[in-house]
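Peer 1: I would like to see how this sequence folds:
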Amino acid sequence: MTLLELVTGCWAIEPEKLREIQAIYATHLRGERIDIAAIEARLGRPLHAEQQQYTVEQGGVAVLSVSGVIAPKANLFMQVSGGISARMLTKQLESAAVDARVQSVVLAMDTPGGNVLLVPETAAAVYELAQRKPIVVHTSETLASAGYWIGSAANAIYVSGPVVQVGSIGVVVSRNYNPNATSQEEHIVAGKYKRLVKANEPLSDESRAVVQADVDYVYSIFVDDVAKYRGATSEQVLEHMADGRVFRGQQAIDAGLVDGVSTLDALVEQMATDPSKFTARRKARFAVRSDRVPRKSTGAGAAHEDDLSATNDKGSDMETSVTRESLQRDHAPLFAALQAEFTAMGAQQERDRIAAVRATVVPGHEKLVETLAFDGKTTAAEAALQVNAAVRAAHEAAAKAHADDAPPAAKGGAAPQDKPAKTKAEQVAEAQAHAKEKGIDLIAALKELGYAA
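Peer 2: So this is what the prediction gives:
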């Protein structure tokens, strides 16, 4: 790979550092000598072109310092600004994995990111090492972009204090062109997209779309890897972590990027004392806040068990109070999705309620049932009670009306009075009169009158 291809390729790095690298390349391209001594004097430190090897501390803790711009291999940029060879870093990780002296690993990282080439492979090497030995990342300055891509694959990430910078998850392709250049370029190519970029012309719309698609593809790999390594979903990473912002201290913890606060010495001591605490992979935990003002960090200091179990793991330092207003303001896409879901759910529940109320209808009470169905609150059970009460009241009213409409009862006749018993003489006298009237004898008359058998 040429320096030009490296400079114009995909980078996961902080913008200022990329501009610095492009300036270095421009100086090199002009044939000007880069004054290494002057740069060292300006920075107040020597420049190193060699990747540092890990040291094994007491307790079998391997400490590997990783500082500077990430590039696939040692090059001019590493010499000028210090840097990380992704290839050499991967070899160091593979060596630590099989080194019998190493019981655990601390990556002490300070990097603004770099070119994306070999970064996914280096992150995978960290992840594979974590399957065999506890490995954590510590940063006291910056862990950004491609640096975070690699660091996220460790079992946990710690910062030293409240202003440490973490994040800048994103991908960029940056180029310069000079429309006033006196020289003209001519390219003879085969393949539609063989020459997308020309030194003295802006990108065409079609070329820009091709480059954008490439950037989006690399970005999707970046996001998916962070989601995998941090135990989150890609959607959560996009919402909380991966909008290109740089977070500081507690902000990074709240965004799920970092697991806690510790000094490097305290972290190494804890790894030496009980590496099993760092065997389990920490998962990103997201604090939903009611404001955008960062909370006060606990700061750096000697790490103890509570610190290293991570603010995010225990959640003791997170605000959990959420209001409707804060959710709508701070998480508008989530709020809109929930609102739409709950609206649809509520509409379906209301349709089900109306159907259930209507099922309680009894002939003659349709109007009551319709009123209850559309009052927005009456349940089917409540409707059934009201309908039964209405039916009972109707029956009672009908019975009363029927009773009111019935004619008065007829008056009964007087009961017949019992006659006093007749004497024998009176019976004989009555029978003689009856015999004479009928022309029969006395015995027959007595029988007809019931006085004789």
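
Peer 1: only C-alpha atoms for contact and neighbour calcs from this point on.
Peer 2: Will do.

Peer 1: Could you list the low-pLDDT ranges of this structure?
Peer 2: The chain contains residues with pLDDT under 70 at 1-52, 74-82, 176-187, 193, 195-200, 288-321, 330, 333, 406, 409-420.

Peer 1: Tell me who's in contact with the residue nearest the centre of it.
Peer 2: Centroid check for the chain by CA atoms, centre = their mean gives Gln236 as the closest residue, at 6.0 Å. Counting by CA atoms under 8 Å, 6 or more residues apart in numbering, Gln236 makes contact with Ala227.

Peer 1: Just give the number of residues close to the residue lying closest to Ser168 once chain neighbours are set aside.
Peer 2: Distance criterion CA to CA, 6 or more residues apart in numbering; nearest residue to Ser168, sequence neighbours excluded, is Gly244 at 4.3 Å. Counted with other CA atoms under 10 Å, the neighbours of Gly244 add up to 17.

Peer 1: secondary structure element for Val137?
Peer 2: strand 135-139 (DSSP states H and E).

Peer 1: Point out the other helices and strands that whatever helix or strand comes next after that strand packs with.
Peer 2: Per DSSP H and E, the first helix or strand lying C-terminal to strand 135-139 is strand 142-144. Under the contact definition 3 or more CA pairs under 8 Å, 6 or more residues apart in numbering; DSSP states H and E, strand 142-144 sits against strand 104-110, strand 165-167.

Peer 1: let's see 10 Å
Peer 2: Where contact means 3 or more CA pairs under 10 Å, 6 or more residues apart in numbering; DSSP states H and E, strand 142-144 is packed against strand 104-110, strand 113-115, helix 146-151, strand 156-159, strand 165-167, strand 246-248.

Peer 1: who wins for proximity to Ala227 among these?
Peer 2: Nearest of the helices and strands packed on strand 142-144 to Ala227, taken as CA to CA: helix 146-151 at 10.3 Å.

Peer 1: Dump that closest one to PDB, restricted to CA.
Peer 2: Provided in PDB are the C-alpha atoms of helix 146-151 (Å, rounded to 0.1, in the frame of the first residue of the first chain):
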ATOM      1  CA  ALA A 146     -10.300   2.900  15.800                       C
ATOM      2  CA  GLY A 147      -8.600   2.900  19.300                       C
ATOM      3  CA  TYR A 148     -12.000   2.300  20.800                       C
ATOM      4  CA  TRP A 149     -12.800  -0.300  18.100                       C
ATOM      5  CA  ILE A 150      -9.800  -2.300  19.400                       C
ATOM      6  CA  GLY A 151     -10.400  -1.500  23.100                       C
END
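
Peer 1: Extract the C-alpha set from stretch 432-452 and format it as PDB.
Peer 2: Presented in PDB, the C-alpha positions along stretch 432-452 are these (Å, rounded to 0.1, in the frame of the first residue of the first chain):
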ATOM      1  CA  GLN A 432    -150.100 -33.600  52.600                       C
ATOM      2  CA  ALA A 433    -150.200 -30.300  50.700                       C
ATOM      3  CA  HIS A 434    -147.700 -31.500  48.200                       C
ATOM      4  CA  ALA A 435    -149.600 -34.900  47.700                       C
ATOM      5  CA  LYS A 436    -152.800 -33.000  47.100                       C
ATOM      6  CA  GLU A 437    -151.100 -30.700  44.600                       C
ATOM      7  CA  LYS A 438    -149.300 -33.500  42.800                       C
ATOM      8  CA  GLY A 439    -152.100 -36.100  43.100                       C
ATOM      9  CA  ILE A 440    -150.000 -38.500  44.800                       C
ATOM     10  CA  ASP A 441    -150.200 -40.300  48.000                       C
ATOM     11  CA  LEU A 442    -148.700 -39.100  51.300                       C
ATOM     12  CA  ILE A 443    -145.800 -41.600  51.300                       C
ATOM     13  CA  ALA A 444    -144.700 -40.600  47.800                       C
ATOM     14  CA  ALA A 445    -144.900 -36.900  48.800                       C
ATOM     15  CA  LEU A 446    -142.700 -37.400  51.900                       C
ATOM     16  CA  LYS A 447    -140.100 -39.200  49.700                       C
ATOM     17  CA  GLU A 448    -140.100 -36.400  47.100                       C
ATOM     18  CA  LEU A 449    -139.600 -33.800  49.800                       C
ATOM     19  CA  GLY A 450    -136.700 -35.800  51.300                       C
ATOM     20  CA  TYR A 451    -138.400 -36.500  54.500                       C
ATOM     21  CA  ALA A 452    -138.700 -40.300  54.000                       C
END
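
Peer 1: list the buried ones in it?
Peer 2: Gln432, His434, Ala435, Leu442, Ala444, Ala445, Leu446 (16 or more other CA atoms under 10 Å).

Peer 1: ok, back up a step: tell me the angle of the strand holding Val137 relative to strand 104-110?
Peer 2: Put simply, strand 135-139 runs at 30 degrees to strand 104-110, going by axes from the mean of the first three to the mean of the last three CA atoms, to 10 degrees.

Peer 1: strands paired with strand 135-139, and their directions?
Peer 2: Paired strands of strand 135-139, with direction, are strand 104-110 (parallel), strand 156-159 (parallel) (DSSP bridges).

Peer 1: Would you point to the one among those that's packed deepest?
Peer 2: strand 156-159 (a mean of 28; mean count of other CA atoms under 10 Å).

Peer 1: got a list of what the residue lying closest to Gly151 once chain neighbours are set aside touches?
Peer 2: Once flanking residues are discounted, Gly151 sits nearest to Val137: 6.0 Å by CA to CA, 6+ apart. Residues in contact with Val137 (CA atoms under 10 Å, 6 or more residues apart in numbering) are 63-64, 105-109, 143, 148, 150-159, 258, 264, 267.

Peer 1: Good, we can wrap up now.
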